[in-house]
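>>> Below: sequence and its predicted model.
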Amino acid sequence: MKLYVMRHAKSSWQNDELEDYDRPIKKSSEKSVKLIYEFFIKNDIKFDLTYVSSSKRTLQTLRILKKKIDLGKIKILKKLYLASKAQLMSVLRKTNPIYKSILLINHEPSIKKLTIFLCGAAGKTNQKLLNNKFSTSSFAEIKFDFDDWNKLAAKSGKLCRFIRPKEI
């Protein structure tokens, strides 16, 4: 089973009167999302299920991805916005095991905390994640050696890749 944890595209701060939830992405940040979907296509990465926060910027990120790749079944959940690592774990653990490849599009810092929790802090790739911020449009690929999402636990996964758009 695989989990892809992705941060939304860079948000716009043009209108400082907007609530955080309603902030759109920066027009220029669409390019970074395109680099990611091209990476997914080139590496034949497919998804059975996509979880996405209902904030404006995560939904806009989703729409850009959806233009070029199949995201499987899509679940837009308001409870993912500002969710803690524990709340993200709860959602993931309740996922039907028929879904073998999941994309989670969400927010910082919970996605970084989730990734470190699931993979631990050891290893070169993990240290790169720990030492750098989980920048916008970046994603982590985590592999699990079990067949039921309710088995998710601390250090139960292996971080296979941590990709930032600027590295593509």
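Perfect, thanks for sending it.
>>> In stretch 10-28, which residues are buried?
Lys10, Ser11, Ser12, Arg23, Pro24, Ile25, Lys26 (16 or more other Cβ atoms under 10 Å). C-beta: built from backbone N, CA, C; applies to glycine.
>>> hey, where'd the strands end up in the protein?
2-7, 49-53, 73-77, 101-106, 139-144, 157-163 (DSSP state E).
>>> From the chain's centroid, how far away is stretch 151-161?
14 Å (Cα atoms, centre = their mean, to the nearest Å).
>>> just for this protein, where's the confidence low?
For the chain, applying pLDDT under 70 flags the ranges 121-131.
>>> how about the helices in it?
30-42, 56-66, 85-93, 110-119, 124-131 (DSSP state H).
>>> Tell me which of those helices approaches Ile168 most closely.
helix 30-42 (4.7 Å; Cβ to Cβ).
>>> And the contacts of that closest one?
Helix 30-42 is contacted from outside by 6, 9-10, 45, 61, 64-65, 67-69, 136-137, 139, 163, 165-166, 168, using Cβ atoms under 8 Å, 6 or more residues apart in numbering.
>>> and with 7 Å instead?
Ala9, Thr61, Ile64, Leu65, Lys68, Ile69, Thr136, Ser137, Phe139, Ile163, Pro165, Ile168 (Cβ atoms under 7 Å, 6 or more residues apart in numbering).
>>> cool, and stretch 79-89?
21, 51, 53-55, 91, 106-107, 110, 113-114, 117, 152.
>>> Buried ones among the residues you listed?
Here, 16+ other Cβ under 10 Å leaves Tyr51, Ser53, Ser55, Val91, Asn106, His107, Ser110, Leu114, Phe117, Leu152 buried among these.
>>> Out of the buried residues of stretch 10-28, flag the one nearest to Ile74.
Ile25 (17.8 Å).
>>> ok, the spatially closest residue to the closest one that is not a sequence neighbour - contacts?
Counting by Cβ to Cβ, 6 or more residues apart in numbering, Ile25 lies nearest to Ala9, which is 4.1 Å off, once chain neighbours are set aside. Contact analysis of Ala9 by Cβ under 7 Å, 6+ apart lists Ile25, Ser29, Glu30, Ser32, Val33, Arg57, Gln60, Thr61, Thr136, Ser137.
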